[in-house]
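Chemist: Fold the following for me, if possible:
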Amino acid sequence: MPDQSNRNTVIFMVCAALMLIAYQVFVMGPQAKRREAELKARGGDQVQTVPGAAASIQKAVYLPRDQAAAKSPRVQIDTPAVYGSVALKGARIDDLYLKGYRQTVDPKSPAVELLRPEGAEHAWFAEFGWAGANLPGLPTPDTVWTLAEGAKLAPGQPITLRYDNGQGLVFSRKIAVDDKFMFTVTDTVANTAGQAVTLAPYASVQRQGIPADVNRSTAHEGAVGVLDGALRMFKYKDWKKNGEKDFSSNGGWLGITDKYWLAAVVPDQGENVHSAFRVTQAGGVDIYESNFVAQSHTIAPGQAVTHVSHMFAGAKTVPVLKAYQTDLKIPRFTDAVDWGVLYFFTKPIFWMLEQFNALFHNFGLSILALTVVVKVAFFYPANLSFESMTKMKKIQPETEALRTKFKDDPAKQQQELMALYQREKINPLLGCLPMLATIPVFLALFKVLNVAIEMRHAPFFGWVQDLSSRDPSTVLNLFGLIPWDPATTPMIGTFLAGSLHIGVWPLLYGLFQWLTMAMSPPAPDPTQQKMMQMMPIIFTFVLSQMAVGLLIYYTWSNLLTILQQYVIMRRFKVDNPIDRIIARVTGKPVEAS
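Modeler: Below is the predicted model of the structure:
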C-alpha cells in the first residue's frame, strides 16, 4: 500500500478542493427537469399566456431613470421599508427603493434601487392583468388607468385603480402594502356586456437586461420559485440557453432574485396555476420573465370576478421571509435565500449566527463565536487527526532513514514503514479521514457568509466597516501610513488596486496558514514540499479578493487550529515552529510539557 505518513496534508487539500468543485457545480449549475407538458383545458378552463410587455419595446434606446418614470402619471408609495411609485400606465409596480439599505457604507449614500420603469436601462418591474382569447379591449402595458380611491399607497392606505374598456368590461385593481415588503393586489372584472366572457388572471415579474455586476457572486441570481413543493432555480445564463420552462402547480411562488434582493409574485395557495420562466428578446435586449396564469373564470353578464395575489419586493432577510411563509402559507419562502445543496447544514448554521448576532450586535463577533462552536463540535475528530500528524512528525527522522535505506526496494520500504507505524501505534489514515468529516460544515459556513444579507455593510472593528467587501487596507501604502491610493497610479492602477491589493486580514490569514502547514509533517517528495510551501502565498492572493468577513472566519479558524495543534505537539514533546520562534525571540529554548 502507498505510504500515507507524509502525504496527509496533500490528500486533505486535494479532497477539500474536489468537494469545493463539486459543491460549486451543484450550486452554480442546478439542473431542472425538462419542460413539462403544456397545460390542457380541464373542466372548461383553457390555458392562457401572459401578454408580453416587451412587445412595446421597439429598440434599445434608453432614457434616464427619472425621465422613464415621468412617461406615466404615478401614485406615490411610502412605507417604513420602501418608497417609490405605482405607474398608472399599465398599472405596474415599477419604481421602488429600499429605505433600510444603502448603496455604500456611507449612511448618506442613495437607497438601494430594486425596481425601475420600462424605458430605463435594466428595467425591472411587476405587472398584473387578465388574459383572454380573442377578447378586444383588455388592459395592456400602454393602458392608462385612473386613480379611483386613495392618494398615496402606504400601510393601511390602499389605492384603487380603474379602467373601463368601453366594451362592457370594467376593471378595478386595489393595491395594498404592509410595513415591510409585501404588496396585495386584488383584481376585479365586472361584465356589463350582453354575453359571457372567459378570462384568466395573471401576474408577472420582468427584467429587461441584467446589470454588469450580476452573476459575479457565488450566490444564485436569476429565476427562482417553489412550484408543487419543488425549488426551481435557473441562473441567467442557463435560463437564456435552455429556453422557456413551464410548470403546473397548486399555489407556490416564483420571481427573479439577486444576491440579496427578490421580486416575486405569489398566487392564492389554493388555486391551480400555470407557471413559466421564459426569455424573449426585443430591440436587442434579453427579456427575463417569471409569471403565472391562474384558472380561467367565465363571467356571466351582470356578474363580477375577483382574484387576489401577492407580490414580494425587497430584501431577503430570513425572519421576514419566514413570517410571510407562516402568515400567508407561502411554501418554502425562506428558500429564496440560496442555501445551497448543503442546506441541512447551512440553515442551522445561519440560525446560530442569528442568535449570536442578537447577543453581540456585531456580525463579526458572531462569526468568531460561531467558529468556536464549530471547532468545539469537531474537537474530537480534529484531535484524532492532529495527534496522528504529531506522532508522524515525531517519528519523521526514522521514516526518512527507512526511505533512504530502502530507496531501491519500495516493497521493503513500505513493509518497514508499516512495521514502524505498528510499533508506535500510529494509524496514518487518522491524519486525514477525521478532518474530511469537517469539510461539509466548513463549506456550509462559507456559503452562509456569502449569502447572509446581515453581513452586507456590517462593521467589525477599526478599518473594517463592511464585512461583505474585501479588506480596504493594502500593503502597497503601508496600510494607510503613506498618503497614496494605488488605484490612481497611471497605467497600472487597476492592477495594483486589484490583484496586488493585500490587506491586513489576508496577511494574517497567510501567516496562520503558513504556521498550520509548518506544524504538519512535510511531504516526502521535494516537489510536493515546494507546492505546499507555496500554498499559503497563493491562498493569500486568492482570498484577498474575497469578503473580509470570510477572511476573518478563515483566519480565526486557523488560529484555533494552531492552538489545538500546539497543545498536542507540546504534549508529545514534538518540535514545532512556535517554540522555535519563541526561542529565537527570547534567546531561551522552550521546555516541552
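
Chemist: what sits against the residue lying closest to V464 once chain neighbours are set aside?
Modeler: Once flanking residues are discounted, V464 sits nearest to V548: 5.5 Å by Cβ to Cβ, 6 or more residues apart in numbering. In this view, the C-beta of every residue, glycine as well, is placed from N, C-alpha and C. Counting by Cβ atoms under 8 Å, 6 or more residues apart in numbering, V548 touches F460, V464, D466, L467, S469, R470, D471, P472, G503, W505.

Chemist: Torsion angles phi and psi at V548?
Modeler: phi -70, psi -30 (degrees, to the nearest 10).

Chemist: can you check R332 too?
Modeler: Dihedral angles (degrees, to the nearest 10) for R332: phi 50, psi 40.

Chemist: Give me the pLDDT value at it.
Modeler: The per-residue pLDDT reported for R332 equals 96.

Chemist: pretty sure it contacts A230?
Modeler: No - if you go by Cβ atoms under 8 Å, R332 and A230 don't touch, sitting 9.1 Å apart.

Chemist: who does V305 bridge with?
Modeler: Taking DSSP bridges as the rule, V305 bridges to V189.

Chemist: What is the neighbour count of it?
Modeler: V305 has 18 neighbouring residues, counting by other Cβ atoms under 10 Å.

Chemist: And K322, by the same measure?
Modeler: Neighbours around K322, by other Cβ under 10 Å: 12.

Chemist: Please give the element, helix or strand, for it.
Modeler: Assigned by DSSP states H and E, K322 belongs to helix 318-327.

Chemist: Other residues contacting the helix or strand following that helix?
Modeler: The helix or strand immediately downstream of helix 318-327 is helix 343-360, counting by DSSP H and E. Here helix 343-360 makes contact (Cβ under 8 Å, 6+ apart) with 318-319, 335, 339-340, 363, 365-367, 369-370, 373-374, 440-441, 443-445, 447-448, 452, 454.

Chemist: so how far is I581 from the closest residue to T317 other than its chain neighbours?
Modeler: Spatial nearest neighbour of T317, excluding adjacent residues (Cβ to Cβ, 6+ apart): I453 at 5.8 Å. Between I453 and I581 the computed distance is 41 Å (Cβ to Cβ, to the nearest Å).

Chemist: between these two, who's got more neighbours?
Modeler: More neighbours surround I453 than the other of I453 and I581, with 17 against 13 (other Cβ under 10 Å).

Chemist: didn't that one look like it was pressed against P319?
Modeler: No - using Cβ under 8 Å, I453 is not in contact with P319, being 10.9 Å away.

Chemist: thinking again about what came up before, ok, now which ones touch the residue nearest to T317?
Modeler: Neighbouring residues of I453 by Cβ under 8 Å, 6+ apart: Y260, A315, K316, T317.

Chemist: any idea how far V112 is from the second one?
Modeler: What it means is A315. From A315 to V112 the distance is 8 Å (Cβ to Cβ).

Chemist: Mutual contacts of those two, please.
Modeler: L98, Y101, W261.

Chemist: Summarise which helices and strands the helix or strand where T160 lies is packed against.
Modeler: Assessed by DSSP H and E, T160 sits inside strand 159-164. If contacts are counted by 3 or more Cβ pairs under 8 Å, 6 or more residues apart in numbering; DSSP states H and E, strand 159-164 sits against strand 146-149, strand 169-177.

Chemist: Let me have those strands in TSV, adding mean neighbour count and mean pLDDT as columns.
Modeler: Shown next, in TSV, are the helices and strands packed on strand 159-164 (neighbours: other Cβ atoms under 10 Å; pLDDT from 0 to 100):
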stretch	mean neighbour count	mean pLDDT
strand 146-149	13	96
strand 169-177	21	97
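
Chemist: Outline the domain layout of the chain.
Modeler: If you go by automatic domain parsing, the domain ranges for the chain are 8-21+351-586, 57-335.

Chemist: Take these and write them to a markdown table, including distance to F345.
Modeler: Shown next, in a markdown table, are these (distance: least, Cβ to Cβ, whole Å):
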| stretch | distance to F345 |
| --- | --- |
| domain 8-21+351-586 | 3 |
| domain 57-335 | 15 |
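
Chemist: Would you single out the least confident of the ones you listed?
Modeler: For the domains of the chain, mean pLDDT drops lowest on domain 8-21+351-586, to a mean of 82.

Chemist: just how off-centre is that domain within its chain?
Modeler: Here the centre of domain 8-21+351-586 is set off from its chain's centre by 24 Å, with Cα atoms, centre = their mean, to the nearest Å.

Chemist: picking that back up, next, show the common contact partners of I453 and P319.
Modeler: Joint contacts of I453 and P319 (Cβ under 8 Å, 6+ apart) do not exist.

Chemist: so how many other residues sit close to F539?
Modeler: A count of nearby residues for F539, using other Cβ under 10 Å, gives 17.

Chemist: That one belongs to a helix?
Modeler: Yes - secondary structure of F539 (DSSP: H, G, I helix; E, B strand; the rest coil): part of a helix.

Chemist: and the spatially closest residue to it that is not a sequence neighbour, what does it touch?
Modeler: Distances taken as Cβ to Cβ, 6+ apart put Q513 closest to F539, at 5.9 Å, once the chain neighbours are dropped. For Q513, the contacting residues are M535, P536, F539, T540, N558, by Cβ under 8 Å, 6+ apart.

Chemist: Geometrically speaking, which residue is the centre of the chain?
Modeler: Nearest to the mean C-alpha position of the chain, counting by Cα atoms, centre = their mean, stands A219 at 2.9 Å.

Chemist: Could you check how far that one is from Y288?
Modeler: Counting by Cβ to Cβ, the gap from A219 to Y288 is 17 Å.

Chemist: what element comes up after the helix or strand hosting G549 heading to the C-terminus?
Modeler: Using DSSP H and E, G549 sits within helix 548-571. Using DSSP H and E, the helix or strand that follows helix 548-571 towards the C-terminus is helix 577-586.

Chemist: If we go by neighbour counts, what in that following helix is buried?
Modeler: Neighbour-count burial for helix 577-586 flags I578, D579 (criterion: 16 or more other Cβ atoms under 10 Å).

Chemist: again, but for stretch 105-118
Modeler: A111, V112, E113, L114, L115, R116, P117, E118.

Chemist: likewise stretch 541-556?
Modeler: By neighbour count on 16+ other Cβ under 10 Å, the buried set for stretch 541-556 is 543-544, 546-556.

Chemist: now for the residues you listed, which pair is the farthest apart?
Modeler: S544 and W556 (16.5 Å; Cβ to Cβ).

Chemist: Confirm that Q422 sits in a helix.
Modeler: Yes - assigned with three-state DSSP, Q422 falls within a helix.

Chemist: still on that earlier bit, and the gap between the residue nearest to T317 and N357?
Modeler: Distance from I453 to N357, by Cβ to Cβ: 12 Å.

Chemist: Equivalent analysis for R162, please.
Modeler: For R162 relative to N357 (Cβ to Cβ), the value is 46 Å.

Chemist: mind listing what G364 touches?
Modeler: Here G364 is in contact with A458, P459, F460, F461, V464, L467, G549, I552 (Cβ under 8 Å, 6+ apart).

Chemist: hang on, it in a helix?
Modeler: Yes - counting by three-state DSSP, G364 is found in a helix.

Chemist: What sits closest to it if chain neighbours are left out?
Modeler: Once flanking residues are discounted, G364 sits nearest to F460: 3.4 Å by Cβ to Cβ, 6+ apart.

Chemist: neighbours around that neighbour, how many?
Modeler: For F460, the tally of surrounding residues (other Cβ under 10 Å) stands at 20.

Chemist: and what of the one 5 residues further on?
Modeler: Counted with other Cβ under 10 Å, the neighbours of Q465 add up to 16.

Chemist: sorry, back to before: out of the contacts of G364, who's nearest I568?
Modeler: Distances from I568 to those, taken by Cβ to Cβ, are shortest for I552, at 25.1 Å.

Chemist: wait, isn't the closest one in contact with L368?
Modeler: Yes - assessed by Cβ under 8 Å, I552 is found in contact with L368 at 7.2 Å.

Chemist: how about stretch 287-301: buried residues?
Modeler: Neighbour-count burial for stretch 287-301 flags I287, Y288, E289, S290, N291, F292, V293, A294, Q295, S296, H297, I299 (criterion: 16+ other Cβ under 10 Å).
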